[in-house]
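> Need coordinates for the below:
(chains A and B)
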There are 2 protein chains.
Amino acid sequence: MEKIAIVGATGQEGFGLALRWARAGESVIIGSRDPARARASASELKKMIPDAVVEGLANPDAVAQAKMVVLTVPLAAQIAALKSIRGRLQPGTVFIDATVPLEKALGGRLSRVIQLWDGSAAEQTARYVGKQVRVAGAFHCLSAEALRDLERPVDSDVLITGDSREARAAVSALVAKIPGARAVDLGPLDNSRYAEQLAALLITLNLRHRVPASGIRFTGLPDVKDG
Amino acid sequence: MEKIAIVGATGQEGFGLALRWARAGESVIIGSRDPARARASASELKKMIPDAVVEGLANPDAVAQAKMVVLTVPLAAQIAALKSIRGRLQPGTVFIDATVPLEKALGGRLSRVIQLWDGSAAEQTARYVGKQVRVAGAFHCLSAEALRDLERPVDSDVLITGDSREARAAVSALVAKIPGARAVDLGPLDNSRYAEQLAALLITLNLRHRVPASGIRFTGLPDVKDG
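A predicted model of the protein is given here:
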């Protein structure tokens, strides 16, 4: 079974994704800077889903074992995480960036984004990991709260970007493992800024309307699941 | 009855809004640079909705008669339109900007946005019209195609921004006149960039998925209609 390595999966968003994929029967590796924390999160997950196939590893060891990698660290930790793992990525890996460029990285607000040199956090990731892997953007708009509530399907579409059509299709298959999530193909990686901004918009709505987990549905699209 | 003046209502988006509000029994003024074109559009509307209360006027004359003004011109025409009307705006008017800062204004793509000095097209509008009126942002994400199809409710939320809570509530009441549209309060005017970007995202999805009118629904929000 293809393993999915989640870099930063001891955080809320990464752990939520790990839960959903483990529940769907996928083999998941929880990555963390600290291998002890990674193992602790894997144990926690195992308690919630006893038949989960999950292990906890330091981020570089996690990505070395997987051809599907998801990056779910905050912007402030993104570049350091990429530098720590890029030497261990397998060629051809589908590398999914879920980073939202929030002003919080600078001590500012959760509800505001900052403009990165590359145009988006996903393109920043592509610059750091190089051409050895196929970078995609996804999962920005799935709230960690909603992911963690295993009894309820999430109620949100997932925008997928990436310059490789094959990589986008692979991400779409991962989206389909999460009940209630629908993949929406958004095309090239440089469209990631739209998905990242939309995530910040949802955070703004959460704060403003005092809800834990707003989401997004696009209307008027053909019901395609794999773009 | 309060009149609604739509600046640029001979264009697709403005005409679509005029249609919906006229159908809802509102008194609508179709504004255009060219008064003859404004009158022609008003006649066209009247043919579609015989009991419509509608007239066509040059933009400055249109805004002079209304306390609700909606700006629906393309970005390339926005500043010129504002300069032409600002001397005729009534103090206290709610001024709704629906401009999306598309690269098309520079001869580029429909699917790309440009970064304006003020942060958003709505804030740019606020700079040009000054403090005499209360500026709001709204209607970016309602497709002209969907608005024009009077037999079907639109299927999209409408994000509303503005620094005046009263103005946002007034816009929300206008949204409620359009079947299928739901108002979602997005707070201060400087959040307009999110709504404008989202509109460009929807255009991108229209082009990519070859659909005429994608829309947006937010999930997980309390069902408030007036923020």
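
> CA only for contacts and neighbour counts going forward, please
Fine.

> I'd like the distance from stretch A:113-122 to the chain centre, please.
16 Å (CA atoms, centre = their mean, to the nearest Å).

> Mind jotting down where the strands sit in chain A?
For chain A, the strands defined by DSSP state E cover A:3-7, A:27-32, A:53-58, A:68-71, A:94-97, A:134-137, A:156-162, A:181-187, A:215-219.

> so can I have a markdown table of those strands showing distance to residue B:124 and mean pLDDT?
Output for those, formatted as a markdown table (distance: least, CA to CA, whole Å; pLDDT from 0 to 100):
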| stretch | distance to residue B:124 | mean pLDDT |
| --- | --- | --- |
| strand A:3-7 | 40 | 98 |
| strand A:27-32 | 44 | 98 |
| strand A:53-58 | 48 | 98 |
| strand A:68-71 | 36 | 98 |
| strand A:94-97 | 33 | 98 |
| strand A:134-137 | 31 | 98 |
| strand A:156-162 | 29 | 98 |
| strand A:181-187 | 28 | 98 |
| strand A:215-219 | 28 | 97 |
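
> Please tabulate those strands in TSV, including the columns mean neighbour count and distance to chain B.
Below are the strands of chain A laid out as TSV (neighbours: other CA atoms under 10 Å in any protein chain shown; distance: least, CA to the nearest CA, whole Å):
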stretch	mean neighbour count	distance to chain B
strand A:3-7	27	26
strand A:27-32	28	28
strand A:53-58	22	30
strand A:68-71	26	23
strand A:94-97	28	19
strand A:134-137	29	15
strand A:156-162	27	7
strand A:181-187	24	7
strand A:215-219	21	5
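
> Format those strands as CSV; extra columns: distance to residue B:194.
As requested, the strands of chain A are exported to CSV (distance: least, CA to CA, whole Å):
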stretch, distance to residue B:194
strand A:3-7, 28
strand A:27-32, 32
strand A:53-58, 36
strand A:68-71, 24
strand A:94-97, 21
strand A:134-137, 19
strand A:156-162, 16
strand A:181-187, 17
strand A:215-219, 14
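
> thinking residue A:144 is in contact with residue A:12, fair?
Yes - between residue A:144 and residue A:12 a contact is recorded at 5.6 Å, counting by CA atoms under 8 Å.

> of the two, who's got more company?
Neighbours per residue (other CA atoms under 10 Å in any protein chain shown) separate residue A:144 from residue A:12, with residue A:144 holding more: 20 against 17.

> Report the contact partners of the more buried one.
Neighbouring residues of residue A:144 by CA atoms under 8 Å, 6 or more residues apart in numbering or on different chains: A:12, A:13, A:14, A:15, A:16, A:17, A:213.

> What degree of burial does residue A:130 show, as a neighbour count?
11.
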